[in-house]
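S.K.: Okay, sequence plus prediction incoming.
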Amino acid sequence: MILHSPFCISARLLPAVRVGTAFVSIEFSKRPGREGRARYQYHIDAPDFTYTGDDLQSGCQGGSLQEGMESLLSFLGAAAESYSYRQRTGRAGENEDSFPANVVEWAYQNSDELSSLGYELQETKNLITNE
C-alpha cells in the first residue's frame, strides 16, 4: 500500500490523517457490510481519549479506504456542526449523538481542519494505492 499526503501511517500501522494532535485511522472491518457495502473500522487516537467504531459503511458497490475516510470526516464535521448549533441555540442538533460526547467536542474544536482535510480528499483521488 502506498500513501500520499495528507495520509500517513498511524501507530496502529493503518492509513491515517492527523487532525490537531490526534490521528484518525481507517481499515476495512472484519464484520461484513450489508447489501454489498464495504464496512469500515476507524480509530481516533488523541492524547486524552481513544475511540473505535465500525458502524460506517460505503455506498452501493463497496468503496475504497479513501472514500471511507472522506465519509468519516464528513460525519465528524456534521456532529461538530450540531454541537455548535446547541452551543448557539441551546437546542440539540440532529447529528450530535452520532459519536460519544468527547469525540463530538473534539470534532468541534478541530472542525476547520476536518473540513479542510475532507475537501482535500474529495479533490485528490488515489491518495491510497495498492501498487
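M.R.: Noted; the coordinates are in hand. Residues are numbered from 1 along each chain as shown.
S.K.: Would you confirm that Ala107 contacts Phe75?
M.R.: No. Here Ala107 lies out of contact with Phe75, judged by CB atoms under 8 Å, at a distance of 9.0 Å. (C-beta placed from N, C-alpha, C; glycine too.)
S.K.: how far away is Glu94 from Ile26?
M.R.: 24 Å (CB to CB, to the nearest Å).
S.K.: And those two? Which one has more around it.
M.R.: A side-by-side neighbour count of Glu94 and Ile26, using other CB atoms under 10 Å, places Ile26 first with 25 against 11.
S.K.: The more buried one looks like it's in a strand, true?
M.R.: Yes. Assessed with DSSP: H, G, I helix; E, B strand; the rest coil, Ile26 lies in a strand.
S.K.: tell me the SS of Thr11?
M.R.: Actually, residue 11 is Ala. It isn't Thr. Going by three-state DSSP: Ala11 is coil.
S.K.: Quick check: it touching Asp45?
M.R.: Yes. Using CB under 8 Å, Ala11 is in contact with Asp45, at 6.8 Å.
S.K.: any residues in contact with both of the two?
M.R.: Taking CB atoms under 8 Å, 6 or more residues apart in numbering as the criterion, Ala11 and Asp45 both touch Phe23.
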